[in-house]
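Engineer: sequence and predicted model, in that order:
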Amino acid sequence: LPPITRVPGRVTTGLIRPGTFLYMGIASTNPSAALLARSCYAKSMLFVMTFLKPLTAVAPNGCLMKGIFFPNSTWTTSRNELLRHAYMLEEEQGWLFEFFVFLDNDVKMVLSGQSDVAKLQDGEELFRKLLLRDRPLRASLLFGPLPLAPLSHSRRVCGRACYTDAAVDAYHRSGVRMLLPYNPALDVKSWYMSAYIVNLKLAAIGKNFCSVYRQITTDPRLTTRAKY
């Protein structure tokens, strides 16, 4: 990542503000309703990166959202650019968020076994509570079986604890520099490879440092068939 210009008088190293979240999502033009809602959560801010047109959506009153236009980008380069902007924001404000949460634009969180999408926020609230309870270096949610070979291998190497496909990727700020940025070396083949490399880093660190919360899923259709 490009070097960050320091702001005189600001202290950033190690100054994590407990219970704060920076959500970061990617959309073609505007965020989904689910992504936009995260700008209104307590002690939270939302970055939305668009790649076809600059953001035109406006956050509701009292909510915090920043739009970033990054054309001709990939999944991996977009997430790394979001990370760069997150570092710059922290440098400017003089403190660190406790969690960086990367999300796909269409991700919805619901409780496992719950098909009522109207209760969407129940899953969101539980995810935040579990993150604050456990404070893992990296956390994800329950996903259904995926056929891609790199992810299947990742599951065998990492075990249940740190297997994830990165549609929801939450990082405790203390572990961000160890695990990120995403490696773009194999991005031309598939963005899944970028997530796979992070899984391997976690396997080297130790699977006890990450969590997959099986109480929550990103899609109610997965609740009856998602198994490891």
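Structural biologist: The structure has been received and is ready for your questions. Numbering: from 1, shown residues only.

Engineer: chain center to stretch 175-191: distance?
Structural biologist: 13 Å (C-alpha atoms, centre = their mean, to the nearest Å).

Engineer: between the two ends of it, how far is it?
Structural biologist: End-to-end span of stretch 175-191 (C-alpha to C-alpha, to the nearest Å): 21 Å.

Engineer: could you list the buried residues of the lengthiest strand in the chain?
Structural biologist: Of all the segments of type strand in the chain, defined by DSSP state E, the longest one is strand 16-27. Of the residues in strand 16-27, 16, 20-27 count as buried by neighbour count, 16 or more other C-beta atoms under 10 Å. (Each C-beta comes from the backbone N, C-alpha and C, glycine too.)

Engineer: repeat for stretch 72-82
Structural biologist: 73-82.

Engineer: and the furthest pair within those residues?
Structural biologist: Using C-beta to C-beta, the buried residues of stretch 72-82 reach their maximum pairwise distance at Thr74 and Leu82, which is 12.5 Å.

Engineer: list phi and psi for the closest residue to Ile16 other than its chain neighbours.
Structural biologist: Distances taken as C-beta to C-beta, 6 or more residues apart in numbering put Leu96 closest to Ile16, at 4.6 Å, once the chain neighbours are dropped. Taking degrees, to the nearest 10, you get phi -110, psi 140 for the backbone angles of Leu96.

Engineer: quick check: mean pLDDT of stretch 140-152?
Structural biologist: Stretch 140-152 shows an average pLDDT of 50 in the prediction.

Engineer: the longest helix in this structure is where?
Structural biologist: helix 75-93 (DSSP state H).

Engineer: after that one, next one along is what?
Structural biologist: For helix 75-93, the succeeding helix or strand toward the C-terminus, using DSSP states H and E, is strand 96-104.

Engineer: tell me what whatever helix or strand comes next after that next one is packed against?
Structural biologist: Later in the chain than strand 96-104, the nearest helix or strand by DSSP H and E is strand 110-111. Applying 3 or more C-beta pairs under 8 Å, 6 or more residues apart in numbering; DSSP states H and E, one finds that strand 110-111 contacts helix 120-134, strand 210-217.
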